[in-house]
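Participant: one predicted model, sequence on top.
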Amino acid sequence: MIANEPFTPNRSWFLVAATIAFFIVAALSGYFQFQASSLGSRIENLNAQKESLAKPSSNDDAKPSQTAQIASLMQAQASLKKIDAEQLYWSKIIEKIENSVPKLKDTNQPIIALRSYNGNEDGKIAVSATTRTDSADPFADIALTIRSFATDPAFKEVFIPSITKSLAPDGATVLSFSINFEYIK
C-alpha cells in the first residue's frame with residue numbers, strides 16, 4: 001500500500017449486515033402475519049359459536065336451557081374481549097414510536113433515522129436507528145431521543161445497550177444504535 005493512497009475500508013461487512021437485517025425483518029413480518037391470521041381465525045370461531053348459540057334449535061328436546069345458552073354466550077363474549085385486549089396493533093405502535101422521535105426545528109424532520117423494529121407480544125420492543133449524516137452532534141441527538149422516549153408515558157424501561165460509530169463517505173460521524181423499551185397500552 002502506498003503511503004499517499006487514502007485508506008478505504010472493506011464494505012462487504014455492510015452488505016452482509018444488510019442481508020441479515022433483511023432476513024430478520026422478513027422473518028418477523030411472517031411471524032406477525034401468522035399471529036394475526038391465527039388470532040383472526042380464533043375470533044371467527046368464537047363469533048360462529050356466538051351466532052349458533054343465539055339461534056333457537058328446531059328440536060325442543062335437544063335444546064339446552066336458556067340459562068346455559070346465556071352462560072355460553074357470555075363466555076364467548078368474554079373470550080372475544082380478552083382476545084381484543086391482548087392484541088397489539090403494530091401499525092399504531094410504530095406510528096407512536098415515529099411520533100415520539102424528536103424533530104429538527106427548521107425542517108420538522110426526525111433527528112434520527114429508524115431502520116427496523118423488533119417486538120414481542122408482551123410489548124417489549126427494540127428499534128434500530130442511525131443518526132443523520134448532517135448532524136452537528138450525533139451523541140446529543142441520541143440523548144434527546146432517549147429523553148423523548150423516557151418522558152413519554154407510553155414507554156418504560158428505555159435503554160440503549162450499544163452505540164456503533166462509523167464514518168460516512170464525506171467524513172461525517174454516523175452513530176448506529178438500538179433503543180429498547182416496553183410499550184404500555
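Facilitator: Thanks, I have it.
Participant: going by C-alpha atoms from here, please, whenever you check contacts or count neighbours.
Facilitator: OK.
Participant: state the distance from Lys105 to Gly123.
Facilitator: Between Lys105 and Gly123 the computed distance is 31 Å (CA to CA, to the nearest Å).
Participant: so the two - more neighbours on which side?
Facilitator: Gly123 (16 against 9; other CA atoms under 10 Å).
Participant: quick check: pLDDT value at the more buried one.
Facilitator: We have a pLDDT of 78 for Gly123.
Participant: next, give phi and psi for it.
Facilitator: In terms of degrees, to the nearest 10, the main-chain angles of Gly123 are phi 90, psi 0.
Participant: the longest strand belonging to the chain - contacts with which helices or strands?
Facilitator: Scanning the chain for the strand with the most residues, using DSSP state E, yields strand 173-183. For strand 173-183, the elements it packs on are strand 124-131, helix 138-151, strand 155-159, strand 163-167, judged by 3 or more CA pairs under 8 Å, 6 or more residues apart in numbering; DSSP states H and E.
Participant: after the longest helix that the chain contains, next one along is what?
Facilitator: Ranked by residue count, the top helix of the chain under DSSP state H comes out as helix 12-54. For helix 12-54, the succeeding helix or strand toward the C-terminus, using DSSP states H and E, is helix 66-86.
Participant: can you give me the buried ones in the next helix or strand after that next one?
Facilitator: Per DSSP H and E, the first helix or strand lying C-terminal to helix 66-86 is helix 90-100. Counting neighbours by 16 or more other CA atoms under 10 Å, one finds that the buried residues in helix 90-100 are 93, 97, 100.
Participant: about what we covered before: state the mean pLDDT of the longest helix of the chain.
Facilitator: On average, helix 12-54 scores 80.
Participant: which elements pack onto that helix?
Facilitator: Checking 3+ CA pairs under 8 Å, 6+ apart, helix 12-54 ends up next to helix 66-86, strand 112-119.
Participant: most neighbours per residue, which of the helices and strands packed on strand 173-183?
Facilitator: Using mean count of other CA atoms under 10 Å, the stretch among the helices and strands packed on strand 173-183 with the largest mean neighbour count is strand 124-131, at a mean of 19.
Participant: fine by me, we can end here.
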